[in-house]
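*Asks:* what follows is a predicted structure for the sequence shown.
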Amino acid sequence: MSDSRFDDTRARLALADDALRRGEHDHARTCAVVASELAAEAGDLQGQAQALLRIARVDTFVSRLRSAHRTAHRAVQLFEQAGDAAGEARSLVIYSYVASCLRRNELAVTSAIMATSLAQPLADARLLASAHNARGIALIANGDFDRSAEALDKAAAHAARCGEAATFQPRLNRCYGEIVRACVERHLYSHPADGTRLEEALNACRGLAQLAPIPQLGNDAEPTPRALLAFAECIAAAWRGASGEADSHATRVAAYAARHSRTSWLHALAMWAQCEVARGRDDHAVAVASVRAMIDVALSVEHEQIARTGHMLASDVLDAQDRSREALAELRSLARRDIEIRRESLEHHDRVAQRQLELRRRSQQLRELEVESRRLEQWSLEDPLTELPNRRHLEQALAEALRCGAAARRGPSIALIDVDRFKEINDRHSHAVGDRVLQALAGLLRAQVRRGDLPARLAGDEFVIVFPDSGQSTARMVCQRLCNAVRDFAWSEIAPGVAVAISVGLAEAVPHDTIHTLLARADEDMYRMKSRAPR
């Protein structure tokens with residue numbers, strides 16, 4: 001990867017971050033897309049993953065949730081390949097949140113748990129808070145409200161390490177969870193909405209709300225938490241019968257939503273707030289109109305969870321007016337959405353499974369290539385006839401032994417071994433018999449050397465033993481054992497009349513020796529031995 005492409009990618013990422021902080025989401029996305037393309041061209045996994053993470057953040061904020069879902073998933077994969085656990089955890093947080101909004105609930109919980117597991121050993125309080133916060137939101141979507149409250153309390157505990165004000169986001173999500181819990185229980189059991197838990201959760205937020213600006217776990221703009229707090233205050237007031245106060249808070253929710261340049265899920269919250277205010281006043285016509293607008297907006301911004309709550313609210317409002325057929329129609333609409341969401345979820349899982357299979361195939365191919373590479377490397381360093389290290393391997397090992405010996409001021413020793421009158425064996429008994437003799441001699445070499453010694457075939461009928469950390473006296477003892485083993489071997493079993501003897505030359509390295517000078521001295525010693533041997 002060229003330094004210029006790397007620098008260009010990082011520069012674009014920095015521009016995207018600046019644009020995000022200013023709330024310029026379209027510009028931030030453009031910069032991140034360019035950074036992703038540059039990183040992909042350069043094979044920069046880390047840069048591409050960082051760019052995709054920023055694209056997912058922008059798409060989440062501007063309510064392109066399905067796009068954010070795909071992009072965050074790809075960022076998770078790239079961070080995993082790059083070995084960046086923190087980046088993977090941050091991507092999983094977004095992936096989990098978006099999956100919750102899209103009602104891919106099991107995926108949302110699983111992703112949040114993975115994010116928490118990855119964040120735990122990193123000891124990053126802000127990241128741990130984000131991961132537990134995502135898990136709490138996912139559990140709200142699953143209707144597991146008690147465990148959601150526990151997860152959000154853990155998120156607040158970790159966030160407190162960054163300052164008490166940083167606990168606002170998980171505490172605010174706790175309020176939202178209690179609102180959803182009460183709505184679900186009201187729908188299922190036809191009980192009046194119980195705001196007791198909501199009031200308790202709100203009390204923890206009210207003091208923190210005096211801070212300006214409200215700290216964030218992420219980079220969202222200021223209107224979002226303010227709108228959520230106003231929404232929670234509106235619902236709480238509506239449920240305790242304070243319609244004037246509830247109406248005032250609902251107006252604030254709508255005002256905060258209007259500060260966004262495009263329609264967002266906050267606009268759906270504003271409609272939800274109006275619905276609850278109207279229900280408290282028994283203004284059924286406004287309640288129905290508001291909840292229908294809530295559903296339409298939620299679906300337009302791809303927020304399936306809010307749309308689902310909207311269908312439940314619509315069914316309850318219509319049922320309260322004895323409009324049972326319309327109430328039933330809302331439940332049927334909800335059932336149809338459930339089927340569609342399951343279909344989308346299965347399609348996503350199918351794409352993930354196909355990608356995993358493709359990655360598995362690629363991994364298998366890589367393993368096969370690695371095995372083949374090791375086999376080729378072994379062949380390049382091994383004599384095929386005797387299966388001993390070949391000359392290339394010998395020279396590498398001997399060079400290393402000389403280097404280490406020079407550092408330790410104790411050079412290695414070598415033995416040069418030659419089969420006497422080997423040409424006569426080939427001429428008298430055939431080259432096939434000669435090959436079997438060399439193979440048998442290789443076996444004797446392997447059997448007689450010590451652990452750490454290296455026997456190798458130099459060429460033809462010449463062999464070498466490298467003694468990396470031994471002097472000449474030790475090498476001589478090993479070679480004597482080898483000579484005895486050669487003398488006692490039943491060579492006639494290879495072919496009748498075959499007799500084998502060897503000559504051995506020894507040399508011990510001295511300062512400034514090279515492979516060639518050391519082998520030359522061993523060769524000289526071997527020929528001196530041959531000249532003294534009886535004919």
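*Replies:* Everything's here; your move.

*Asks:* ok, which stretches of the stretch 101-250 of the chain are helices?
*Replies:* In the stretch 101-250 of the chain, the helices defined using DSSP state H, counting those that start in this stretch lie at 105-119, 125-141, 145-159, 168-189, 196-206, 223-239, 243-258.

*Asks:* possible to save the ones you listed as JSON lines with mean neighbour count, mean pLDDT and distance to residue 61?
*Replies:* Using the backbone N, CA and C atoms, a C-beta is placed for each residue, glycine as well. JSON lines is the format used below for the helices of the stretch 101-250 of the chain (neighbours: other C-beta atoms under 10 Å; pLDDT from 0 to 100; distance: least, C-beta to C-beta, whole Å):
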{"stretch": "helix 105-119", "mean neighbour count": "22", "mean pLDDT": "92", "distance to residue 61": "18"}
{"stretch": "helix 125-141", "mean neighbour count": "26", "mean pLDDT": "95", "distance to residue 61": "15"}
{"stretch": "helix 145-159", "mean neighbour count": "21", "mean pLDDT": "95", "distance to residue 61": "20"}
{"stretch": "helix 168-189", "mean neighbour count": "21", "mean pLDDT": "92", "distance to residue 61": "14"}
{"stretch": "helix 196-206", "mean neighbour count": "17", "mean pLDDT": "91", "distance to residue 61": "22"}
{"stretch": "helix 223-239", "mean neighbour count": "24", "mean pLDDT": "91", "distance to residue 61": "8"}
{"stretch": "helix 243-258", "mean neighbour count": "19", "mean pLDDT": "93", "distance to residue 61": "13"}
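
*Asks:* now for those helices, which one comes closest to residue 460?
*Replies:* Among those, the nearest to residue 460 by C-beta to C-beta is helix 105-119 (59.3 Å).

*Asks:* run through who's touching the closest one.
*Replies:* 76, 85-86, 88-90, 92-93, 95-97, 99-100, 127-128, 130-132, 134-135, 137-139, 141-142, 151, 345, 348 (C-beta atoms under 8 Å, 6 or more residues apart in numbering).

*Asks:* change it to 6 Å
*Replies:* With contact meaning C-beta atoms under 6 Å, 6 or more residues apart in numbering, helix 105-119 is reached by 85, 88-89, 92-93, 95-96, 99-100, 127-128, 131, 134-135, 138, 141-142.

*Asks:* ok, now stretch 493-507?
*Replies:* 414-420, 429, 433, 436-437, 472, 475, 479, 486, 491-492, 518, 521-522, 525-526, 529-530.

*Asks:* quick one: mean pLDDT for that stretch?
*Replies:* Stretch 493-507 carries an average pLDDT of 92.

*Asks:* okay, now it: how far is its last residue from its first?
*Replies:* End-to-end distance of stretch 493-507 (C-alpha to C-alpha, to the nearest Å): 34 Å.

*Asks:* now it: buried residues?
*Replies:* By neighbour count on 16 or more other C-beta atoms under 10 Å, the buried set for stretch 493-507 is 494, 495, 498, 500, 502, 503, 504, 505, 506, 507.

*Asks:* from those, which ones fall inside strands?
*Replies:* Assignment to strands by DSSP state E places the following of the buried residues of stretch 493-507 there: 502, 503, 504, 505, 506, 507.

*Asks:* beta partners of the first one?
*Replies:* Beta-bridge pairing of residue 502, defined through DSSP bridges, involves residue 419.

*Asks:* JSON lines for the buried residues of stretch 493-507, including distance to residue 266?
*Replies:* As requested, these are exported to JSON lines (distance: C-beta to C-beta, whole Å):
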{"residue": "494", "distance to residue 266": "90"}
{"residue": "495", "distance to residue 266": "94"}
{"residue": "498", "distance to residue 266": "95"}
{"residue": "500", "distance to residue 266": "92"}
{"residue": "502", "distance to residue 266": "90"}
{"residue": "503", "distance to residue 266": "93"}
{"residue": "504", "distance to residue 266": "89"}
{"residue": "505", "distance to residue 266": "89"}
{"residue": "506", "distance to residue 266": "88"}
{"residue": "507", "distance to residue 266": "86"}
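
*Asks:* now for those residues: which two are most distant?
*Replies:* The widest separation within these (C-beta to C-beta) is 33.6 Å, between 495 and 507.

*Asks:* A helix includes residue 466, no?
*Replies:* No. Counting by DSSP: H, G, I helix; E, B strand; the rest coil, residue 466 falls outside a helix, being strand.

*Asks:* can you give me the neighbour number for residue 77?
*Replies:* Here the number of neighbours of residue 77 (other C-beta atoms under 10 Å) works out to 19.

*Asks:* my bad, should have said residue 241
*Replies:* 10.

*Asks:* quick one: the closest residue to residue 82 other than its chain neighbours from residue 76, how far?
*Replies:* In space, and not counting its chain neighbours, residue 82 is closest to residue 45: 4.3 Å by C-beta to C-beta, 6 or more residues apart in numbering. Residue 45 sits 12 Å away from residue 76, going by C-beta to C-beta, to the nearest Å.

*Asks:* who has more neighbours, those two?
*Replies:* residue 76 (25 against 18).

*Asks:* before we move on, which element is the more buried one in?
*Replies:* helix 65-82 (DSSP states H and E).

*Asks:* mind listing what residue 321 touches?
*Replies:* residue 284.

*Asks:* for it, grab phi and psi.
*Replies:* For residue 321, the backbone dihedrals (degrees, to the nearest 10) come out as phi -100, psi 10.

*Asks:* which one of the helices of the stretch 101-250 of the chain lies closest to residue 395?
*Replies:* helix 105-119 (47.1 Å).

*Asks:* please tell me the pLDDT value assigned to residue 352.
*Replies:* Residue 352 is assigned 59 on the pLDDT scale.

*Asks:* right, and the residue nearest to residue 82 touches residue 84 too?
*Replies:* No. Contact criterion C-beta atoms under 6 Å: residue 45 and residue 84 do not qualify, at 8.7 Å.

*Asks:* the one helix or strand residue 447 maps to packs against which elements?
*Replies:* Assessed by DSSP H and E, residue 447 sits inside helix 431-448. Secondary-structure packing of helix 431-448 (3 or more C-beta pairs under 6 Å, 6 or more residues apart in numbering; DSSP states H and E): helix 422-429, helix 472-488.

*Asks:* quick one, which of the ones you listed gets closest to residue 195.
*Replies:* That would be, of the helices and strands packed on helix 431-448 and by C-beta to C-beta, helix 472-488, which comes in at 89.2 Å.

*Asks:* which of the buried residues of stretch 493-507 lies closest to residue 402?
*Replies:* Each of those was checked against residue 402 using C-beta to C-beta; the closest is residue 507, at 11.9 Å.

*Asks:* good, wrapping up.
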